[in-house]
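Colleague: compute the structure for the input listed below.
(one chain, ligands or ions: 1)
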Amino acid sequence: MLEAPEKRDVDILVVGAGAAGLFAATWSGRTAAAEGAVLSVTAIDSARKLGAKILVAGGGRCNVTHETVNEADYAGSSPAAIRKVLRRFGVDACVGFFRESGVLLKKEDTGKLFPVTDSARTVLEALLHAATRAGVNLIHPAKVTALAKTEAGFVVTTDSASFLARRVILCTGGKSLPKSGSDGSGFELARSLGHTLTRPIVPALVPLVLPPGHWITSLSGLTLDTEVTLHAANSKNLFQTTGSTLCTHVGLSGPAILDVSRHWLIAKAADPNVSLSLNWLPGERAESLDRLFIEAQGRGALSILRERLPDRLAKCLCEQAAAPPTGDLPREARRTLVALVVATPLPITGDRGFSVAEATAGGVPLAEVKLETMESRVCPGLYLAGEVIDVDGRIGGFNFQWAWASGFVAGSAAGRAAAAASIATTS
Ligand SMILES: Cc1cc2nc3c(=O)[nH]c(=O)nc-3n(C[C@H](O)[C@H](O)[C@H](O)COP(=O)(O)OP(=O)(O)OC[C@H]3O[C@@H](n4cnc5c(N)ncnc54)[C@H](O)[C@@H]3O)c2cc1C
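Modeller: Presented below is the predicted three-dimensional model:
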């Protein structure tokens, strides 16, 4: 009779060694050591090369965090719950961790913090070094294909071996950039242990697509500040943001569009009648712009717009509004032009998908974990951290800060619990 292959015993097994997983594993090891216990902590990742997402983050410079972070910078789960986790490991703690790990961070005018080296590799190397120093055993490539809870602990099956783990920390990320290893398989692992998933799960921080040939696509390459508004079917403003916007050959991108994208996709799934509009002159309102055109009557619409907008855009707006670029501006054309400048309707047909998205909106509801420990309320001994949870941040370092904070809480709680259990058995 063939014997089943032996399972390797570990105290804490971290599934996924991205930002949250490396942090959780490091803090498990550090906390256990501080409690005087020697534990085996193993982190398993399916990727051949670890940290692909950290390396591409922030255009290769890795926007590690932001000078101020609070719950208003996030969406998904309840703001009060997000705040509780964030305040356990704030920006100062993050800066301190990286300083001690040899990575100094610098603040840019936008409030974003980057390593002074401008190289994401220094961030990844510091995280890997911290994990190794904390005694973490890193195994990859090995994909976790099943997780089952038994009396003896969690049976963790990978494509090459199986483990018996006293505690598991699930840090498998979401579905964005699947080629980095975050293919959404962690959602199914969470579900197999009794968790639910929010619906729908959609890309976040993703460029949006316009119908082929839409006039905005002819402005490809143009970047300027705009105000983007998401309207409910009854015209009520559901979300508004101002920031840099990039016109692309297929639609729109840039921070303002990326920030609105998750709100648009979630709202659209609930009500197909929601709509998006774009104000090319942020802060400007129809009444004041209308007055400006009336007062400057005779100067020509194009020359007025050119004073405040790029030439290409000013011409396009006049064309689209059928407004004569020079000479008198008839009342109807003036009204159409004003409406177009402050509220161009965006007939979005889709998004660029998870392969381009920087984050995932949706996942395991934060309400299903205990906020003090990030331990599952439905499966004791299981902890969750990072993007696998239904929390996503706006652009600017907020997603990493969530990974650091939730990874810290989960890792230190699992380390403390495992240390207490190990000390109890040996004494
Ligand atoms: C192009 C891009 C740029 C970004 N830039 C920034 C930025 O500058 N600042 C910022 O704050 N955020 C940025 N983000 C978002 C940020 O990278 C993520 O929010 C963050 O990495 C999430 O961390 P995580 O550990 O939860 O998940 P991930 O980083 O996705 O890590 C999950 C890990 O789990 C592994 N895994 C998944 N399933 C399994 C399985 N079944 N078995 C074993 N291993 C598994 C994966 O291989 C992966 O390594 C960017 C994202 C992208 C795609």
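Colleague: could you use CA atoms for every contact and neighbour count after this?
Modeller: Noted.
Colleague: tell me the residues of the stretch 301-427 of the chain that contact the ligand?
Modeller: Taking C-alpha under 6 Å from any ligand atom as the criterion, the stretch 301-427 of the chain approaches the ligand at residues 357-359, 386-388, 396-400, 403.
Colleague: is it true that residue 14 touches residue 42?
Modeller: Yes. Under the criterion of C-alpha atoms under 8 Å, residue 14 makes contact with residue 42 at 6.1 Å.
Colleague: what sits in contact with each of these two?
Modeller: With contacts taken as C-alpha atoms under 8 Å, 6 or more residues apart in numbering, the residues that reach both residue 14 and residue 42 are residue 25.
Colleague: for those two, indicate the residue with more neighbours.
Modeller: Looking at residue 14 and residue 42 with other C-alpha atoms under 10 Å, you find the greater number of neighbours at residue 14, namely 30 against 24.
Colleague: where does the stretch 301-427 of the chain have low pLDDT?
Modeller: Applying pLDDT under 70 to the stretch 301-427 of the chain picks out residues 427.
Colleague: what two of the residues of the stretch 301-427 of the chain next to the ligand are the furthest from one another?
Modeller: With C-alpha to C-alpha as the measure, no two of these lie farther apart than 388 and 396, at 19.4 Å.
Colleague: which one's more surrounded, these two?
Modeller: Neighbours per residue (other C-alpha under 10 Å) separate residue 388 from residue 396, with residue 388 holding more: 30 against 22.
Colleague: and the pLDDT for the closest residue to that one other than its chain neighbours?
Modeller: For residue 388, the nearest residue in space outside its immediate sequence neighbours is residue 173; the separation is 4.5 Å by C-alpha to C-alpha, 6 or more residues apart in numbering. pLDDT recorded at residue 173 is 98.
Colleague: SS state for residue 173?
Modeller: Using DSSP: H, G, I helix; E, B strand; the rest coil as the criterion, the local structure at residue 173 reads coil.
Colleague: for the stretch 251-400 of the chain, what spans make up the helices?
Modeller: 255-270, 286-295, 301-306, 311-320, 331-342, 398-426 (DSSP state H, counting those that start in this stretch).
Colleague: what lies in contact with the shortest one?
Modeller: Residues outside helix 301-306 that contact it (C-alpha under 8 Å, 6+ apart) are 293, 296, 314-315, 318, 323-327, 329.
Colleague: at 6 Å what do you get?
Modeller: Residues external to helix 301-306 that are found in contact with it (C-alpha atoms under 6 Å, 6 or more residues apart in numbering): 314, 325.
Colleague: now it: buried residues?
Modeller: In terms of neighbour count (16 or more other C-alpha atoms under 10 Å), helix 301-306 has its buried residues at 301-302, 304-305.
Colleague: put the alpha carbons of that helix into CSV.
Modeller: Taking only C-alpha atoms (Å, rounded to 0.1, in the frame of the first residue of the first chain), the coordinates of helix 301-306 have been written out as CSV:
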residue,chain,number,x,y,z
ALA,A,301,-15.0,81.1,-27.9
LEU,A,302,-11.7,79.5,-28.9
SER,A,303,-9.5,82.4,-27.7
ILE,A,304,-11.3,82.4,-24.3
LEU,A,305,-10.9,78.7,-23.9
ARG,A,306,-7.3,78.7,-25.0
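Colleague: okay, which residue is most central for the protein?
Modeller: residue 359 (3.6 Å; C-alpha atoms, centre = their mean).
Colleague: what residues does the stretch 151-300 of the chain have near the ligand?
Modeller: Taking C-alpha under 6 Å from any ligand atom as the criterion, the contact residues of the stretch 151-300 of the chain with the ligand come out as 171-174, 176-177, 180-182, 185-186.
Colleague: what is the nearest of the residues you listed to residue 340?
Modeller: Here the nearest of those to residue 340, counting by C-alpha to C-alpha, is residue 176; it sits at 33.8 Å.
Colleague: rewinding a little: got the residues of the stretch 151-300 of the chain next to the ligand as JSON lines, with neighbour count columns?
Modeller: JSON lines is the format used below for those (neighbours: other C-alpha atoms under 10 Å):
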{"residue": "171", "neighbour count": "34"}
{"residue": "172", "neighbour count": "33"}
{"residue": "173", "neighbour count": "31"}
{"residue": "174", "neighbour count": "30"}
{"residue": "176", "neighbour count": "27"}
{"residue": "177", "neighbour count": "20"}
{"residue": "180", "neighbour count": "20"}
{"residue": "181", "neighbour count": "27"}
{"residue": "182", "neighbour count": "23"}
{"residue": "185", "neighbour count": "18"}
{"residue": "186", "neighbour count": "24"}
